[in-house]
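Enquirer: 3D, please:
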Amino acid sequence: MDVLVADAEAELAIAARDGDTRAFDSLFRRWYAPVFSVCLRMVNVEAEAHDLAQETFLRVMKSWDRYDPDRPFARWILKIATHLAIDSIRRRRPEPLSGDDEPLSESAPLPDVDPERLRAAVAALPASLRAVVVLNLQQGWSHDEVAEALAITPNLARVRLFRALRMIREELA
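Expert: Below is the predicted model:
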């Protein structure tokens, strides 16, 4: 993201935090589609993704005290959306706990497959693995950024991505 754009977004966020409804409206118009997209990729249900996107903006309004204007607004709002989506998925079905200390190895890229099959394979992942795939592969976040958003270590982000890719390959095989 361009520094000028980031500065402009920080200024808008600060203005919105201070009660400027026009600034909040601008942020809403700019970020609704990306927030909805992340939520949809996570929960795979359009109506639920819209609800989560709206809840994300409600959380933003209630959480201005936690916004750091020195950090990208995009990371902050998408972190909120991701956590809401994970919580929504976990409410649907409990996720089995497994050891996160699995050793890493190099992973081959995903095979070329029908996008619908790939979407279904990602949707079948446990929430913690799906979040890493969405943020790392689909949003282009680094392992460090994913780790920060999910409150895990960068190594654990790598492990989860490796595990997710292995599960996706098995599903597609």
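Enquirer: okay, now residue 92: neighbour count?
Expert: Using other CB atoms under 10 Å, residue 92 has 11 neighbouring residues. (Each C-beta comes from the backbone N, C-alpha and C, glycine too.)
Enquirer: pretty sure residue 85 sits against residue 38.
Expert: Yes - Residue 85 lies in contact with residue 38 (CB atoms under 8 Å); the separation is 7.0 Å.
Enquirer: residue contacts, residue 9?
Expert: Residue 9 is in contact with 27, 30, 72-74, counting by CB atoms under 8 Å, 6 or more residues apart in numbering.
Enquirer: one more time with 7 Å, if that's ok
Expert: residue 73 (CB atoms under 7 Å, 6 or more residues apart in numbering).
Enquirer: name the helix or strand for it, please.
Expert: helix 3-17 (DSSP states H and E).
Enquirer: do the same with residue 74
Expert: Per DSSP H and E: helix 73-92 holds residue 74.
Enquirer: now that helix: buried residues?
Expert: Counting neighbours by 16 or more other CB atoms under 10 Å, one finds that the buried residues in helix 73-92 are 73-86, 88-89.
Enquirer: ok, the closest residue to residue 90 other than its chain neighbours to residue 119 distance?
Expert: Spatially, and ignoring its direct neighbours in sequence, residue 90 is nearest to residue 127 (5.6 Å; CB to CB, 6 or more residues apart in numbering). Using CB to CB, to the nearest Å, residue 127 is found at 16 Å from residue 119.
Enquirer: break the protein down into its domains, please.
Expert: 3-92, 115-172 (automatic domain parsing).
Enquirer: what about the shortest one, start to end distance?
Expert: By that I understand domain 115-172. End-to-end span of domain 115-172 (CA to CA, to the nearest Å): 11 Å.
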